[in-house]
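Undergrad: structure, please.
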Amino acid sequence: MQMKPSTAQASIHDIYVLVEAEGQKVKTNKTATIEINLSKMEMMGNDGCNDFGGKISMHNADQMILEFADINATEMYCDEVSNKIGQSLYKVKKYKREGMLLHLMSEEGSVLLTYKKVD
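TA: Numbers count the residues shown, from 1 in each chain. Coordinates of the predicted model:
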């Protein structure tokens, strides 16, 4: 028997494009994206330079908890923005969904990365 994600889980199970990093509009050479796959408990994307992927180590839709683990990335020399995005992924502990926007947040609740749903 295959389990389907709950309605709450499905609300973040999608593909997004980065619009802000720590409150600043983002301009990268390549579109920065993240795909959150709750069925496989995996995430993957691109930080504007390097491809990355990892596991979703914790997700609780009721408490809006989201944590990533075992993050790996290609290692091309990149700009400061791409490095900031990669570092921020390790700090994600919570999330908030507002319409088409997904805010990935720190333990303290500060917004690290803001993505817009595209799929």
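Undergrad: low-confidence ranges in this protein?
TA: Counting by pLDDT under 70, the chain shows low-confidence ranges at 1-10, 119.
Undergrad: can you map out the helices along it?
TA: Using DSSP state H, the helices of the chain run over 7-10, 80-91.
Undergrad: dump these to a markdown table, plus mean neighbour count and distance to residue 59.
TA: No exception for glycine: its C-beta is placed from N, CA and C like everyone else's. Below are the helices of the chain laid out as a markdown table (neighbours: other Cβ atoms under 10 Å; distance: least, Cβ to Cβ, whole Å):
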| stretch | mean neighbour count | distance to residue 59 |
| --- | --- | --- |
| helix 7-10 | 13 | 7 |
| helix 80-91 | 17 | 15 |
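Undergrad: so which of these comes closest to residue 52?
TA: helix 80-91 (6.6 Å; Cβ to Cβ).
Undergrad: so which elements touch the closest one?
TA: strand 14-21, strand 51-60, strand 65-73, strand 111-117 (3 or more Cβ pairs under 8 Å, 6 or more residues apart in numbering; DSSP states H and E).
Undergrad: from the centroid of the chain, which residue is nearest?
TA: Residue closest to the mean C-alpha point of the chain, counted by Cα atoms, centre = their mean, is residue 34 at 5.2 Å.
Undergrad: which one is that residue nearest to, not counting chain neighbours?
TA: Distances taken as Cβ to Cβ, 6 or more residues apart in numbering place residue 45 nearest to residue 34, at 3.8 Å, with adjacent residues excluded.
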